[in-house]
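> I need the structure of the sequence given here:
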Amino acid sequence: MDVTDYKILSQIQKKADIPLVDLANLIGLSKTACWNRLRRLEEDGVIIGKFVQLNRFSLNLPIVVFLAITVRRHSKEWVKQFQFLIDQYPEIIEAHRLTGEGADYQLKIVCSSIESYDKLQQALIERIEFNSMSTRISLSELKNINTLPIAPEKTAI
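This is a model prediction of the structure:
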């Protein structure tokens, strides 16, 4: 990948539905050259999809919960079953396997109410083997972006 590829990625992260002509003009490429680069980035697996970001409040999903889970077993089979289980719940929008103290897995869950979260948690309690669960409810979302820091010349401070 070169600087032009990074410029393309930076623009489409901000606005995935940007017209090709506008993207090409912003980058300084012909429409065909820009299209060829986009296709190559897709074929190489750099671009894995395009999506629309929805306002969760408009969809009556104001509650964000972080559920930390500590487990007894760490076998491949357990992880496979856990993956299958969490895939059954669209409210679970992120799941991470962690290192360090405190939890083995962290789930990010969106719900319409505390009661709906409680039902989800009770269902998980019935279906998985675990040592402990710890729930944290987000009071205020300070940052939520879906863009990656891809500019090659920038470094973290």
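
> list the contacts for residue 34?
Shown in contact with residue 34 (Cβ atoms under 8 Å, 6 or more residues apart in numbering): 8, 20, 23, 24, 27. Every residue, glycine included, has its C-beta placed from N, CA and C.

> check the gap between the second one and residue 54 for me.
I take that to be residue 20. Separation of residue 20 from residue 54 (Cβ to Cβ, to the nearest Å): 24 Å.

> what about these two, which has more around it?
Taking neighbours as other Cβ atoms under 10 Å, residue 20 and residue 54 compare with residue 20 leading, 12 against 9.

> domain ranges for the chain?
Here the domain assignment for the chain is 3-43, 63-137, based on automatic domain parsing.

> okay, those domains in a markdown table with mean pLDDT and distance to residue 147 next?
As requested, the domains of the chain are exported to a markdown table (pLDDT from 0 to 100; distance: least, Cβ to Cβ, whole Å):
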| stretch | mean pLDDT | distance to residue 147 |
| --- | --- | --- |
| domain 3-43 | 95 | 4 |
| domain 63-137 | 94 | 16 |
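
> tell me where the protein has strands.
When secondary structure is read from DSSP state E, the chain shows strands at 63-70, 92-97, 105-111, 132-137.

> what's the most buried one of those strands?
Sort these by mean neighbour count, taking mean count of other Cβ atoms under 10 Å, and strand 105-111 sits at the top with a mean of 20.

> name the helices or strands packed onto that one?
Judged by 3 or more Cβ pairs under 8 Å, 6 or more residues apart in numbering; DSSP states H and E, the packing partners of strand 105-111 are strand 63-70, strand 92-97, helix 114-127.

> nearest the geometric middle of the protein, what residue?
The centroid of the chain falls nearest to residue 94 when counting by Cα atoms, centre = their mean (5.8 Å).

> from memory that one sits against residue 108, does it?
Yes. Counting by Cβ atoms under 8 Å, residue 94 touches residue 108, with 3.8 Å between them.
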